[in-house]
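Asker: here's a sequence, model it:
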Amino acid sequence: MELQTLIDERDIARALSTFARILDSKRWEDLGDVFAAEVAFDYGTGEEQSGMEAMRANMARFLDVCGQTQHFIGSVLIDVDGDHAISRAYVQARHQAVDGRGGPVFDTNGEYIDRWERLDEGWRIVRRDVQWSTFFGDAAIIMGAAGD
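Answerer: Sure thing, here's the model as predicted:
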């Protein structure tokens, strides 16, 4: 394995961790640090979407209506091929109700399957597919505006 491949894998893994922190701090303006402007995605709903504004709206739709969250990304596999890569990473996310310390939670578990490209600004996700596997708890915590 070449040194550049290891550096690329590290940069991609770091970007995935950065993404989790962007979500948990609700810094939607920083999504461009991880995603390409014309990102295409299916966030596990079967609905094809594209573009940064759609990504921001998708995140805000579920997370702006809940309280604190914590996203864990692990079991990361990264395959780099020149200026392209594919990563697969498990995600576990805990969502609390607004002002919900010690109260109900909603947990999701699944997998992010991402296609990456090395752009001028660095590695960015150009395609994300999410496969949700389990849900537990009170889904109303993230359904505020989404259920309207």
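
Asker: show me what the longest helix along the chain is packed against.
Answerer: With DSSP state H applied, the helix covering the greatest number of residues in the chain is identified as helix 3-25. Contacting helix 3-25 under the criterion 3 or more Cβ pairs under 8 Å, 6 or more residues apart in numbering; DSSP states H and E are the following elements: strand 69-81, strand 84-96, strand 105-119, strand 122-137. The way it works is simple: take the backbone N, C-alpha and C, and place the C-beta from them, glycine included.

Asker: that one: which residues count as buried?
Answerer: Buried residues in helix 3-25, counted by 16 or more other Cβ atoms under 10 Å: Asp8, Glu9, Asp11, Ile12, Ala15, Leu16, Ser17, Phe19, Ala20, Ile22, Leu23.

Asker: reformat those residues as JSON lines; add pLDDT and distance to His71.
Answerer: Shown next, in JSON lines, are the buried residues of helix 3-25 (pLDDT from 0 to 100; distance: Cβ to Cβ, whole Å):
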{"residue": "Asp8", "pLDDT": "98", "distance to His71": "23"}
{"residue": "Glu9", "pLDDT": "98", "distance to His71": "20"}
{"residue": "Asp11", "pLDDT": "98", "distance to His71": "19"}
{"residue": "Ile12", "pLDDT": "98", "distance to His71": "17"}
{"residue": "Ala15", "pLDDT": "98", "distance to His71": "14"}
{"residue": "Leu16", "pLDDT": "98", "distance to His71": "10"}
{"residue": "Ser17", "pLDDT": "98", "distance to His71": "10"}
{"residue": "Phe19", "pLDDT": "98", "distance to His71": "8"}
{"residue": "Ala20", "pLDDT": "98", "distance to His71": "4"}
{"residue": "Ile22", "pLDDT": "98", "distance to His71": "9"}
{"residue": "Leu23", "pLDDT": "98", "distance to His71": "5"}
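
Asker: which of these sits closest to Glu29?
Answerer: Distance to Glu29, by Cβ to Cβ, is smallest for Ile22 among these, at 9.1 Å.
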